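In: I would like to see how this sequence folds:
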Amino acid sequence: TMAPPSVTFHLMCILVLSMAHLAALKSNLSLRQDSGFLSANVGDNVTLKCFYEGDVAAKFYWYKQTLGKKPLLMSSFFKYEKNAIFHNEFKNDPRFKLETDTNGNQLKISELQHSDSATYFCVSSYLYNLKFGDGVTLSVNGSGLNIQAVVHQSESQTIQPGDSVTLNCTVHTGTCDGEHSVYWFRSSGHSQPRAIYTHGVTDDQCERKPTTHTQTCDYNLPMKSLDLSDAGTYYCAVLSCGEILFGNGTKIDIEMASPPVLVYFLSAALAFTITLVVILASSVYKMHKRNYSQERRSTASTQHVEGQDADNLHYAALSVNKAHRPRRQRDNTDPNCTLIRLCFSVT
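Out: Numbers count the residues shown, from 1 in each chain. All right, here's what the predicted structure looks like:
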């Protein structure tokens, strides 16, 4: 038997609401990881931090990615559990520890080794949805390596948009006979370090010295028509004999060209002209308003004086008319003809 339409409708509503609730929980989980480029020396201790916000029961992981290899799972941690679990080669290594709480987990690496140079990612997992942090690239420097990478270029260089530069990296492989790989990374203040180019090793790039059993390889990274988004620090990274070493880095600053003096002069002249026009317009308006007020007052005064003179003239004419006529004639005078006789009387 088929379910009534009302039951089917309610089931659909429950399903839709459940999916919306799960989507809201997924969106409420935020992950933030300290990112950038971190340089340390052999034997140092470092702490890689990862923070998260949200009320969902999520799981968190740390991954390590060495140049040229896939990410390797290091640890896993459930938010509401106290103990973390290490995996693979990190399982029984006392140098790796994980400090956890309800707001984050910190990966601590003690007594750094050259093999710890890599990019470390903090990852959250909830409802089969993975969120990766920006990642932090750790470079371990110090003695004991068979290779050296040096960037032969000033650490800071300022260019203008549209210019071109060429970065140089010289690799001394030492006594290691294995092949090596060279990577270029770019690090900026707004994004994680990322590999932008990989060099293939060819004979025309390297020069071997038979007496010392070493070779020197030169790598160039030409960059043309740069814009503001290309600013940052560029690192040359060499992977050889199972070890990785970063160069000192070359910082590229890109600034807009300063406008010529003529532009400043024309801008100042335009501002002065606009100010002058506003002042003159204001003065003309005030002058017009003042003249208009004076004209109105003058017109009103003239009309008032003329009205008074007319009244006085009529009164005087009427008085003269009455004074020079006989009484009987004054009494028999027709009122309608008074004005005419008055005028003749005055003349």
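In: Every contact and neighbour count from this point should use C-alpha atoms.
Out: Noted.
In: Share the number of residues neighbouring residue 58, please.
Out: Using other C-alpha atoms under 10 Å, residue 58 has 18 other residues around it.
In: got a pLDDT number for it?
Out: On pLDDT, residue 58 comes in at 80.
In: for it, what are its contacts?
Out: By C-alpha atoms under 8 Å, 6 or more residues apart in numbering, the contact list for residue 58 reads 78-79, 124-126.
In: I'd like to know which of the residues you listed are part of strands.
Out: Under the assignment DSSP state E, the contacts of residue 58 contribute 78, 124-126 to strands.
In: Mind giving me the ChimeraX command for buried ones among the residues you listed?
Out: Of those, the buried ones can be selected in ChimeraX as follows, counting by 16 or more other C-alpha atoms under 10 Å:
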select :78,124,125,126
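In: re earlier: between the contacts of residue 58, which is closest to residue 282?
Out: Nearest to residue 282 out of those is residue 124 (C-alpha to C-alpha; 66.1 Å).
In: Tell me which helix or strand the nearest residue in space to the closest one that is not next to it in sequence sits in.
Out: Of all residues not flanking residue 124 in the chain, residue 60 sits nearest, at 4.4 Å (C-alpha to C-alpha, 6 or more residues apart in numbering). For residue 60, the element it lies in under DSSP states H and E is strand 59-65.
In: so residue 160 touches residue 255, yeah?
Out: Yes: using C-alpha atoms under 8 Å, residue 160 is in contact with residue 255, at 5.3 Å.
In: Looking only at neighbour counts, state which of those two leads.
Out: residue 160 (16 against 13).
In: Quick check: beta-bridge partners of the residue nearest to residue 124?
Out: residue 77, residue 124 (DSSP bridges).
In: rewinding a little: which helices and strands does the strand holding residue 60 pack with?
Out: The contact analysis (3 or more C-alpha pairs under 8 Å, 6 or more residues apart in numbering; DSSP states H and E) places strand 59-65 against strand 72-78, strand 118-126.
In: Comparing those strands, which comes out most buried?
Out: Among those, strand 118-126 has the highest mean neighbour count (mean count of other C-alpha atoms under 10 Å), at a mean of 22.
In: How about exporting whichever helix or strand comes after it as PDB, limited to the C-alpha atoms?
Out: Per DSSP H and E, the first helix or strand lying C-terminal to strand 118-126 is strand 129-132. Output in PDB follows, covering the C-alpha atoms of strand 129-132 (Å, rounded to 0.1, in the frame of the first residue of the first chain):
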ATOM      1  CA  ASN A 129      33.800  17.400   3.900                       C
ATOM      2  CA  LEU A 130      37.600  18.200   4.200                       C
ATOM      3  CA  LYS A 131      38.900  21.700   4.800                       C
ATOM      4  CA  PHE A 132      42.600  22.400   4.400                       C
END
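In: Going by neighbour count, which residues of the very next helix or strand once past strand 129-132 are buried?
Out: Going down the chain from strand 129-132, the next helix or strand is strand 136-141, by DSSP H and E. Using 16+ other C-alpha under 10 Å as the test for burial, strand 136-141 gives 136-141.
In: Now strand 136-141 - C-alpha only, CSV.
Out: Only the C-alpha atoms of strand 136-141 are listed here, as CSV (Å, rounded to 0.1, in the frame of the first residue of the first chain):
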residue,chain,number,x,y,z
VAL,A,136,53.1,26.6,6.7
THR,A,137,56.4,25.9,5.0
LEU,A,138,59.2,24.9,7.4
SER,A,139,62.8,25.3,6.3
VAL,A,140,65.5,23.8,8.5
ASN,A,141,69.0,25.2,8.1
